[in-house]
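Q: this is a predicted model, with the sequence first.
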Amino acid sequence: MNKTNYLIICLSVLLIVTGFLLMTGSSTEVEFNPDVFSTRRITVAPIVCMLGYVLVIVGIMWKPKKN
């Protein structure tokens, strides 16, 4: 593995952490919180996490071009 692989993997880890941070929400004492069903938590955050996981695989499999 070379520097490019490590850079791709670091970027993907940042994407995964960002996705999990997007999934978090405010802590509330209310029994039902409609913010649980927000678009950010249900749609955007899982897509960002999935892109991060796919990018990890790309970072592991990446082979530099031979000149």
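A: Structure received.
Q: quick one, helices of the protein?
A: 3-23, 39, 45-61 (DSSP state H).
Q: of all these, which lies closest to Asn33?
A: Ranking these by proximity to Asn33 (C-beta to C-beta) places helix 3-23 first, at 13.8 Å. Yep, even glycine has a C-beta here, placed from its N, CA and C like the rest.
Q: what's the following helix or strand after the closest one?
A: Counting by DSSP states H and E, the next helix or strand C-terminal to helix 3-23 is helix 39.
Q: centre of the chain to that following helix, how far?
A: Using C-alpha atoms, centre = their mean, to the nearest Å, the mean C-alpha position of helix 39 is found 16 Å from that of the whole chain.
Q: ok so, going back, worst mean pLDDT among the helices of the chain?
A: Of all the helices of the chain, the minimum mean pLDDT falls on helix 39 (a mean of 87).
Q: which elements pack onto that one?
A: With contacts defined as 3 or more C-beta pairs under 8 Å, 6 or more residues apart in numbering; DSSP states H and E, helix 39 has no helix or strand neighbours.
Q: touching that helix from outside, list them.
A: For helix 39, contacts defined as C-beta atoms under 8 Å, 6 or more residues apart in numbering pick out no residues.
Q: redo that, cut-off 10 Å
A: Helix 39 is contacted by residues Ala45 when judged by C-beta atoms under 10 Å, 6 or more residues apart in numbering.
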